[in-house]
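> Predicted model and sequence below, questions to follow.
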Protein chains: 2
Amino acid sequence: MIEIYLLEQLEAFARHGTLLRAAEELHITQPALSKSMKKLEEQLGVQIFDRQNSKISLNETGMLAASLARSQVEQNKEMVSRIIAFDRSLHSICVGSCSPMGITQLMPILQDHFGDMTISSELVYGKPLLSGLENGIYQLCIFNAPSDDPDIFCQRYISEQLYISVPKTHRLAEKKSVRFSDFNGEKFLLFQHIGFWKEICEKCMPNTSFIIQPDRDSFFELVENTDYPAFSSDAVLIAENPPKGRMYIPIDEEKAKYTYYVACLNKNKHQYSAFFSAIRSAVIK
Amino acid sequence: MIEIYLLEQLEAFARHGTLLRAAEELHITQPALSKSMKKLEEQLGVQIFDRQNSKISLNETGMLAASLARSQVEQNKEMVSRIIAFDRSLHSICVGSCSPMGITQLMPILQDHFGDMTISSELVYGKPLLSGLENGIYQLCIFNAPSDDPDIFCQRYISEQLYISVPKTHRLAEKKSVRFSDFNGEKFLLFQHIGFWKEICEKCMPNTSFIIQPDRDSFFELVENTDYPAFSSDAVLIAENPPKGRMYIPIDEEKAKYTYYVACLNKNKHQYSAFFSAIRSAVIK
DNA sequence: ATCACTTACGGGTGACGTAAAAATC
DNA sequence: GATTTTTACGTCACCCGTAAGTGAT
């Protein structure tokens, strides 16, 4: 058995060709490295160096030893990373969601059940969301439709209805409901991080030029102080105090109402069972 | 970077389940192992043990760590073996020969050229001889026929003519030459280690029951003191003093005369060039 | 003289041992 | 009380550093 530090030193020497340079890299003195290499050679019981007076170099066996040492050192490092990564995976949970509302509403329940873990979330939709769940990037997902994948367990969650807010002076302010097409072509405020809704908006209002706001506060600032129409939703209207001075009109269209589903891999279903029953209660309530 | 001794200790603990047993196997005391495991855990920066008072066990991360440690330790050992084996291969040369005469005659030349190496030889014939050369078990081979394998370099060497020795009272003692069939069915002395000749004998004298002698001295003892016919060859007759009181008659048949070829892999040809030219001189001489 | 390596010696870290305590069965 | 782990403390090995020596360029 050869200790890693010796292999690391051999590997460094193999790269540099001289003890001096290798020692520099290793932050040890050259005599120390010289002794180490002697020790290594002795432990192997085999000559790996050609020495003539003040010249030392690897012989053929030494070359082999150095290349094996290199891979050994690499694997040692990889081992450490893998252990740390695995440990992190045990102590963190990552949720992929197609919608910001889905994750916002779910967060309290997540914290109830995984309070001792690091909870992170990402807004993703479409294929990356599904494959992220399948290959373990996400432990939980929020879809906007039930999945029929046999490997995926899917729990119905809440619904979200899209609204459009307009200033009271807007031509449609008094309507009881509107359609996407009513606003197609009109300038429109849009918050950037809205998940799959973005796709919906662009599809249903192809001629609209959106004024996209990456910052949440700026977005609400503009909603309050400009006359552009903007999206909202029932969830937002309940959860937050929406800017006054606007009318909030539901969009009476199929594409404006989605039901969310919380999902995990079937094989992990058991470890999330308490969590899922909490979701079921929340839905009923 | 985690030193191997720590991984070895972890691996031992994983197998035994208690520090005490593991420490016994490792020939260290239990407190020492306890400290090592603490150190390992600290170096990883991750919990790998569940501890409650006087109970310690691996947690999930620890299991992973232990299995990775196991493979790391194994690879370390394998590395050492490979280095040692490679070094040995550099300092030894193994010759496979289909015939004892081939190797006996070649030995002086081998010693001339590879005197600083360990020279070993094996009597093998047929497929194992060829594949042994191809996969590096033999650096050199002696065939009884030229090889047309494009990967093999083949140098014509000496010939050997098979003789049969009979007591002077034998019915065929005065013949100038004999054939295998002349002796088919007759009891026959046979030295065990004769390489490919064994196959020839059995094929050409299918009805003969051979009295097989594994020991060289016993064989010659019997040759001298019994009346059974036995094989000899021109090479043996030249090299050694054959037992008197016998007639040595050549077998006049194609299957009783072979020319030997010394071979190596083509890719190694250059490192044996001096050796092969010595063979060529020897043949001419 | 400079460069590269080895030898010699000294110091400090740390790996292990011994002893004893703590906790569980 | 037996078993297992931890804590405390001492010791020795050994890894590294400094300094000096050798041989080659």
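That came in fine, so what should we check first? Residues are numbered from 1 along each chain as shown, chains lettered A, B, ... in the order given.

> Can you pull the poorly scored residue ranges out of chain A?
A:285 (pLDDT under 70).

> The residue of the stretch 101-250 of chain A found nearest DNA strand C in helix, strand or coil?
Residue of the stretch 101-250 of chain A nearest DNA strand C, by Cβ to the nearest atom of the strand: A:Asp116 (22.1 Å). Quick note: C-beta positions are derived from backbone N, CA and C, even for glycine. Each residue gets one of three states, and A:Asp116 gets coil by DSSP: H, G, I helix; E, B strand; the rest coil.

> which ones are touching it?
By Cβ atoms under 8 Å, 6 or more residues apart in numbering or on different chains, A:Asp116 lies in contact with A:His91.

> quick one, strands of chain A?
Ranges of strands within chain A are A:49-52, A:55-58, A:92-97, A:118-123, A:140-143, A:152-167, A:188-191, A:210-213, A:230-233, A:246-250, A:257-265, based on DSSP state E.

> In CSV, list these along with distance to B:Leu44.
Converted to CSV, the strands of chain A look like this (distance: least, Cβ to Cβ, whole Å):
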stretch, distance to B:Leu44
strand A:49-52, 34
strand A:55-58, 32
strand A:92-97, 17
strand A:118-123, 18
strand A:140-143, 28
strand A:152-167, 33
strand A:188-191, 43
strand A:210-213, 44
strand A:230-233, 46
strand A:246-250, 54
strand A:257-265, 28
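
> Tell me which of those sits most buried.
strand A:140-143 (a mean of 26; mean count of other Cβ atoms under 10 Å in any protein chain shown).

> Each with direction, which strands does that strand pair with?
Sheet pairing of strand A:140-143 (DSSP bridges) gives strand A:92-97 (parallel), strand A:257-265 (antiparallel).

> out of those strands, nearest to DNA strand D?
Using Cβ to the nearest atom of the strand, the strands paired with strand A:140-143 put strand A:92-97 closest to DNA strand D, at 26.0 Å.

> Can you report how many residues neighbour A:Leu106?
Number of residues near A:Leu106 (other Cβ atoms under 10 Å in any protein chain shown) recorded here: 23.

> So which residue is smack in the middle of chain A?
Nearest to the mean C-alpha position of chain A, counting by Cα atoms, centre = their mean, stands A:Glu122 at 5.3 Å.

> picking up where we left off before, turn the strands paired with strand A:140-143 into JSON lines, including distance to DNA strand D.
Below are the strands paired with strand A:140-143 laid out as JSON lines (distance: least, Cβ to the nearest atom of the strand, whole Å):
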{"stretch": "strand A:92-97", "distance to DNA strand D": "26"}
{"stretch": "strand A:257-265", "distance to DNA strand D": "35"}
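
> Show me which residues of the stretch 1-150 of chain A sit near DNA strand C.
A:18-20, A:30-31, A:34-35, A:37-38, A:49, A:51, A:54-56 (Cβ under 7 Å from any atom of the strand).

> so where's the longest helix in chain A?
Ordering each helix of chain A by length in residues (DSSP state H) puts helix A:60-90 first.

> what's the offset of that one from the middle of its chain?
On the basis of Cα atoms, centre = their mean, to the nearest Å, helix A:60-90 sits 27 Å off its chain's mean C-alpha point.

> Looking at the stretch 101-250 of chain A, what residue ends up closest to DNA strand D?
Taking Cβ to the nearest atom of the strand, the stretch 101-250 of chain A has A:Asp116 as its residue nearest DNA strand D, at 22.0 Å.

> So among the residues of the stretch 1-150 of chain A next to DNA strand C, which ones count as buried?
Neighbour-count burial (16 or more other Cβ atoms under 10 Å in any protein chain shown) applied to those gives A:Leu19, A:Met37, A:Phe49, A:Ile56.

> how much space between the first one and A:Glu42?
Right, the one you point to is A:Leu19. 17 Å (Cβ to Cβ, to the nearest Å).

> residues contacting A:Tyr269?
Just so we're on the same page, residue A:269 is Lys rather than Tyr. Taking Cβ under 8 Å, 6+ apart, we find A:Lys269 in contact with A:Phe153, A:Phe276.

> Against DNA strand D, how distant is it?
Computed as Cβ to the nearest atom of the strand, to the nearest Å, the A:Lys269 to DNA strand D distance reads 34 Å.

> Quick one: neighbours of the nearest residue to A:Glu8 once chain neighbours are set aside, just the number.
Excluding the flanking residues, the one nearest A:Glu8 by Cβ to Cβ, 6 or more residues apart in numbering or on different chains is A:Val73, at 5.2 Å. Applying other Cβ under 10 Å, we find 19 residues neighbouring A:Val73.

> for A:Cys204, same thing?
A:Cys204, neighbours per other Cβ under 10 Å, totals 18.

> before we move on, what about A:Glu60?
13.

> just checking, it touches B:Leu90?
Yes. If you go by Cβ atoms under 8 Å, A:Glu60 and B:Leu90 touch, sitting 6.2 Å apart.

> Domain-wise, how is chain A divided?
A:4-79, A:87-158+A:258-284, A:160-257 (automatic domain parsing).

> Put together CSV for those domains, with distance to B:Cys94 on each row.
Formatted as CSV, the domains of chain A follow (distance: least, Cβ to Cβ, whole Å):
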stretch, distance to B:Cys94
domain A:4-79, 18
domain A:87-158+A:258-284, 50
domain A:160-257, 69
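
> Grab the nearest non-local neighbour of the residue nearest to the centre of chain A.
What sits nearest to A:Glu122 in space, not counting adjacent residues and going by Cβ to Cβ, 6+ apart, is A:Gly96, at 5.3 Å.

> one step back: within reach of DNA strand D, which of the residues of the stretch 1-150 of chain A next to DNA strand C are there?
Within the set of these, contact with DNA strand D (Cβ under 7 Å from any atom of the strand) is found for A:Pro31, A:Lys35, A:Ser54, A:Lys55.

> So which of those are in helices?
A:Pro31, A:Lys35.

> so can I have a markdown table of the ones next to DNA strand D among the residues of the stretch 1-150 of chain A next to DNA strand C showing distance to A:Phe191?
Shown next, in a markdown table, are these (distance: Cβ to Cβ, whole Å):
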| residue | distance to A:Phe191 |
| --- | --- |
| A:Pro31 | 65 |
| A:Lys35 | 65 |
| A:Ser54 | 71 |
| A:Lys55 | 70 |
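
> what's the most distant pair in the ones next to DNA strand D among the residues of the stretch 1-150 of chain A next to DNA strand C?
For these, with distances taken as Cβ to Cβ, the pair at the greatest spread is A:Lys35 and A:Lys55 (17.4 Å).
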